[in-house]
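[1] when you get a sec, could you give me coordinates for this:
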Amino acid sequence: MWEQIRSNRIKSIFLVAAMAGVLLVIGFFIGMAFFGNPLAGLIVALIIWGIMSLVAYFQGDNIFLSISKARKIERDDNPRLYNIVEEMKIASGLAHMPDIYIIDDPAMNAFATGRNPEKAAVAVTSGLLQKLNRDELQGVIGHEMAHINNRDVLLMTMCGVLLGAIVMISWYVTHMLFWGGMSGRRGSGGGGGQAQIILLLVGIVLMILAPILAQLIYFAISRKREYLADASSAQYTRYPEGLASALEKLGGSTAQLQTANKALAPMYITNPFRKKGMAASDLSSTHPPISERVRILRSMGGASFADYNNAYASVHQSGGSAIPASALAGTGAIGLRAASSEGAVGNPGKLERTREVSDLMWRKNNYKTINCGCGTKLRVPPNVKKFTIKCPHCGTTHTV
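    Below is the predicted model:
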């Protein structure tokens, strides 16, 4: 497995370099269009790339968590989620417990971020926490822990920030060209003539295509690594059905993730973008088809990488391999475990989960809870001006 991690690091360098190459091409034509010197544009592009790379490495996780409106929680906030993350941390062999975040959104999704396993975070939506049972939630968390363990999160974080920079710069430069930048250069070019116009036209085309090319690179990174994360989750949990069932629920959900961002999309366990009122489609740019991932997981005869690879070949019929040979070497048989009993300790039913998540979000929004003697829970907003509040059911007056 360490060979696979090393391979991921090497690929990460090349892929981030490819993103940088796109940025440098933009810089070349910026120099031609605005400075009359491509070298000046390349220097500007290198400076931007250097700054954005440093920002992505040191602050990329905080940026993504902030964009997602994620809030950090501790064990006391939700013991069930905390215990599951702790279990998957042990099963995956991680030395450090990742931070846990909650996103107040009824849509079901999750992602992991961070520059290394020592500084990583797992974020889940309130909708996911409410609608998944223990086995399903464990499968999703196992998938995200695999991304941390396989060193995917740094690459995804850096590519996300660099992609955002490329899209922003391309949009800004093309608008400047169309709103007078190009005409200004043509007017002052004298005998520069047709060659300069051709260069500028090529530059415009490249700056329009650059964000598309960068995003295709980003999407390619994500799709190739989802299979390994699914296989790792099945190995950590020894229950592939948990993740398969979770993916079915995620795929069938019609709720839109309100905090989703295009630069973040490949980091989620399923593509967060879909038409309003429609279920998630198999035709996703950022992830393999959900139905295919479910079929592979349900075709596994055991919980090892070899079992996942055999299931992958069976589903695809044409053969092929989803797991690198280095990860398959020396893997022994791993048996499947039985499903957890819903309603047992640590695996509450749907109604209990709804109450649990509702209480958590009230607390995170700084509402005070007053338990009335009649059994009613009174929620008091943080900015309330009254010093007393009356229970609508029994009429008891409470001091705030």
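
[2] gap between Leu209 and Val25?
    According to C-beta to C-beta, to the nearest Å, Leu209 and Val25 sit 9 Å apart. Backbone N, C-alpha and C define where each C-beta goes, glycine included.

[3] what about those two, which has more around it?
    Here Leu209 and Val25 are compared on neighbour count by other C-beta atoms under 10 Å; more neighbours surround Val25, at 20 against 14.

[4] SS state for that one?
    Assigned with DSSP: H, G, I helix; E, B strand; the rest coil, Val25 falls in the helix class.

[5] pLDDT at Val384, what is it?
    Looking at Val384, its pLDDT reads 76.

[6] let me see the contact set for it.
    By C-beta atoms under 8 Å, 6 or more residues apart in numbering, Val384 lies in contact with Val400.

[7] just the element for it, please.
    Assessed by DSSP states H and E, Val384 sits outside every helix and strand.

[8] same deal with Met361?
    helix 350-364.

[9] which outside residues touch that helix?
    71, 73, 77-78, 80, 102, 104, 126, 129-131, 133, 348, 369, 379.

[10] how about the helix or strand immediately after it in the chain as PDB, C-alpha atoms only?
    Next in sequence after helix 350-364, counting helices and strands by DSSP H and E, comes strand 368-371. The C-alpha trace of strand 368-371 is given here as PDB (Å, rounded to 0.1, in the frame of the first residue of the first chain):
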ATOM      1  CA  LYS A 368     -30.800  27.700  24.300                       C
ATOM      2  CA  THR A 369     -33.000  24.700  25.200                       C
ATOM      3  CA  ILE A 370     -35.400  24.800  28.100                       C
ATOM      4  CA  ASN A 371     -36.900  21.500  29.100                       C
END
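
[11] would you mind checking the average pLDDT for strand 368-371?
    Average pLDDT, strand 368-371: 87.

[12] what's the burial count for Pro117?
    20.

[13] wait, what's in contact with it?
    94-96, 98, 148-149, 151.

[14] one more time with 7 Å
    Taking C-beta atoms under 7 Å, 6 or more residues apart in numbering, we find Pro117 in contact with 94-96, 148-149.

[15] how far away is it from Asp105?
    When Pro117 is compared with Asp105 (using C-beta to C-beta), they lie 26 Å apart.

[16] Arg295 - nearest residue in space that isn't next to it in sequence?
    Leaving aside its chain neighbours, Arg295 sits nearest to Val315 (4.9 Å; criterion: C-beta to C-beta, 6 or more residues apart in numbering).

[17] A helix includes that neighbour, no?
    Yes: counting by three-state DSSP, Val315 falls inside a helix.

[18] wasn't Phe58 part of a helix?
    Yes: the assignment for Phe58 is a helix, going by three-state DSSP.

[19] burial measure for it, as a count.
    The burial count for Phe58: 11, using other C-beta under 10 Å.

[20] swap in Lys350?
    12.

[21] is it correct that Ile269 is in contact with His143?
    Yes: Ile269 is in contact with His143 according to C-beta atoms under 7 Å; the separation is 5.8 Å.

[22] ranking helices and strands of this protein by mean pLDDT, which lands last?
    Lowest on mean pLDDT, DSSP states H and E among the helices and strands of the chain sits helix 182-188, with a mean of 48.

[23] that older thread, can you give me the buried ones in the helix holding Met361?
    Across helix 350-364, burial judged by 16 or more other C-beta atoms under 10 Å covers 353, 356-357, 359-360.

[24] return the member of the residues you listed nearest to Val161.
    Leu360 (29.9 Å; C-beta to C-beta).

[25] how close does the closest one get to Thr354?
    Plainly put, Leu360 is 11 Å away from Thr354 if you go by C-beta to C-beta.

[26] Ile43 now?
    For Ile43, the distance to Thr354 - C-beta to C-beta - is 56 Å.

[27] and this protein, what are its domains?
    1-336+346-365, 367-400 (automatic domain parsing).

[28] for the ones you listed, which one ends up most surrounded?
    domain 1-336+346-365 (a mean of 19; mean count of other C-beta atoms under 10 Å).

[29] surely Val315 meets Ser299?
    Yes: Val315 is within contact range of Ser299, at 6.0 Å (criterion: C-beta under 7 Å).
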